[in-house]
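1. Based on what follows, work out the 3D shape:
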Amino acid sequence: AVFEDGDALTIGGDLTAKATHVADSTTIAKGDTKGTDAAVGISFALTVAEDDVTAQLLRDVTSTGGGVSVTAEGASASTTESQASATGAPVDNSNQNVNDQTGAQAGQAQSQSAARTSSGATPSSASTGQGQANASNNGSSLTVAAAISLNIADMDVIASIDNGAVVNTTGAVEVTARGNMDAQAEADGSATTIPASGTNSTNIGAAVALNWGSADIDAILGDADVTAGGLTVQALMFERGDDDTHTFGAKATSGASGGSTGVAGSFALNLPSVSTSALVSNDAVVAITGAGDVVVKSVSKTESSVVAGAATDAKKAQSTGSSSSGGTSGTSGTGSSSTKSGNTIGVGVSIGVNVSDMLTEASLGGNAALTGAQNLTIEADGTHAMTTSVEGGAEAAGGSAVTPVIGISVAQNAVRADLPSGTELT
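-> Numbers count the residues shown, from 1 in each chain. Reported below is the predicted structural model:
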């Protein structure tokens, strides 16, 4: 809503310029993969939300019976979610997986070959066949699940009187900007193997959530000459029902379970920035009639959160069974039942980084000219909350477990009500 530069306006009542914008953006990506020897599931979700709200008065206005109001209101909510799930499982074929079936067939061929030789010895080719019975990736399986969410949000809400405008009104002049931004990124990656006899498996679960949100809410009396019954320049929160807070968050959750080697990694990065400014510039000239008040006010309320969690549970691969082996000519040997278990490795890595940059300011420029005001109020109110939660867990039965956990929080908050030295105020 813009009154562009042009001929002067003369009206008998109120002049109102108001722009209101509400936007909601959601992106969801889900992947579910199942396989025997290898299962790889990758989900990627991306949201780019850009919102601009502008209300401006850029020309001369004279009102003989009213006031002037310039208002910009903007609310933007963006959410990005990704889920990746990968499951490795044996093929159900008479309760045998591909390794079991191949091994049984090779064993039968070996027995028949031994019976047909005069010595009962097993030809080398049969033994070789037994050694090659494993047809499932050398007895191992791989399961990978990766979820990546990237949320990028930018919002500008600007209300201003500028461009050398001359405003002459009997009522009050108000310049108001209201904003509310919510930006979230969430990723969930889970890799699971349903244990199969004699199978070494590697599970990798990864989740990456990246959230970047930037909001500028500015109410400005710039290069303007104002004569009015009062003046209010304010940058405030835009309330949407019960939502009166800028909310930013990144959440990454990963898991790897059931394999002999499990690696789970979660990375959550949250980078919010909010600038809320109510400014009377150095170029402003303000004359208040009727002993009216001048108010310059800014209010900002923010919440920033990061959650990163990774868990892995590595289990030993086991196989139990009987086998027969041929001896020398004229002899035979029978092996006994045996159980084998390999080393297990569990790694759960979680990294959470939360860095915020918040500015809340109200200022009357040192060179701004102000006369005739009864009360002058310059107020800045900033309320900011930050939480960073990072958890990692790793279990490896009879093996090695490693759990690196890193959490970083950097809160940069500035709140200023500024009346610098300069021109005398009356």
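2. helices and strands of the protein: which one bottoms out on pLDDT?
-> Lowest mean confidence among the helices and strands of the chain (mean pLDDT, DSSP states H and E): strand 338-341, at a mean of 30.
3. Following element in sequence after it, please.
-> The helix or strand immediately downstream of strand 338-341 is strand 345-364, counting by DSSP states H and E.
4. what's the average pLDDT for that following strand?
-> In this model, strand 345-364 has an average pLDDT of 92.
5. Sheet-wise, list the partners of it with their directions.
-> Paired strands of strand 345-364, with direction, are strand 261-280 (parallel), strand 400-402 (parallel), strand 405-418 (parallel) (DSSP bridges).
6. all helices of the chain, in order?
-> Here the chain has its helices, by DSSP state H, at 98-116, 124-131.
7. quick one: average pLDDT of the last one?
-> Predicted confidence along helix 124-131 averages 43 (mean pLDDT).
8. So residue 285 is in contact with residue 228, correct?
-> No - using C-beta atoms under 8 Å, residue 285 is not in contact with residue 228, being 11.7 Å away. Every C-beta, even on glycine, is put in place using the N, C-alpha and C of the backbone.
9. what is residue 385 paired to in the beta sheet?
-> Beta-bridge partners recorded for residue 385 (DSSP bridges): residue 303.
10. For it, give me its contacts.
-> By C-beta atoms under 8 Å, 6 or more residues apart in numbering, residue 385 lies in contact with 302, 303, 304.
11. Run a quick neighbour tally on the closest residue to the first one other than its chain neighbours.
-> The shortest distance from residue 302 to any non-neighbouring residue, by C-beta to C-beta, 6 or more residues apart in numbering, is to residue 246 (4.4 Å). The number of residues packed around residue 246, counting by other C-beta atoms under 10 Å, is 27.
12. for residue 291, same thing?
-> 11.
13. Surely residue 163 is in contact with residue 60?
-> No - checked against C-beta under 8 Å, the pair residue 163 and residue 60 is beyond contact range at 9.9 Å.
14. Which residue of those two possesses the greater neighbour count?
-> Neighbour totals were compared for residue 163 and residue 60, and residue 60 leads with 20 against 16 (other C-beta under 10 Å).
15. how close does the residue lying closest to the more buried one once chain neighbours are set aside sit to residue 227?
-> Excluding the flanking residues, the one nearest residue 60 by C-beta to C-beta, 6+ apart is residue 8, at 3.8 Å. As judged by C-beta to C-beta, to the nearest Å, residue 8 and residue 227 stand 14 Å apart.
16. Out of those two, name the residue with the larger neighbour count.
-> Shown here are residue 8 and residue 227; by other C-beta under 10 Å, residue 227 has more neighbours (19 against 11).
17. residues in contact with the more buried one?
-> Counting by C-beta under 8 Å, 6+ apart, residue 227 touches 167, 168, 169, 287, 289.
18. Recalculate using a threshold of 7 Å.
-> Contacts for residue 227 (C-beta atoms under 7 Å, 6 or more residues apart in numbering) come out as 168, 287, 289.
19. beta partners of it?
-> Assigned bridge partners for residue 227, using DSSP bridges, are residue 168, residue 287.
20. where does it land on pLDDT?
-> Predicted confidence (pLDDT) for residue 227: 97.
21. do residue 333 as well
-> With respect to pLDDT, residue 333 has a value of 36.
22. again with residue 86
-> Residue 86 is assigned 73 on the pLDDT scale.
23. gap between it and residue 149?
-> Residue 86 sits 17 Å away from residue 149, going by C-beta to C-beta.
24. Neighbour count: these two, which is higher?
-> The neighbour count for residue 86 versus residue 149, taken as other C-beta under 10 Å, is higher for residue 149 (31 against 28).
25. how near is the more buried one to residue 189?
-> Taking C-beta to C-beta as the measure, residue 149 falls 10 Å from residue 189.
26. pLDDT below threshold where in the chain?
-> Along the chain, segments meeting pLDDT under 70 span 35-37, 88-140, 192-200, 257-259, 312-343, 396, 398.
27. How many residues are close by the residue lying closest to residue 169 once chain neighbours are set aside?
-> Spatial nearest neighbour of residue 169, chain neighbours left out: residue 63 (4.1 Å); criterion: C-beta to C-beta, 6+ apart. Using other C-beta under 10 Å, residue 63 has 21 other residues around it.
28. ok, now which ones touch residue 63?
-> So residue 63 contacts 11, 13, 15, 169, 170, 171 (C-beta under 7 Å, 6+ apart).
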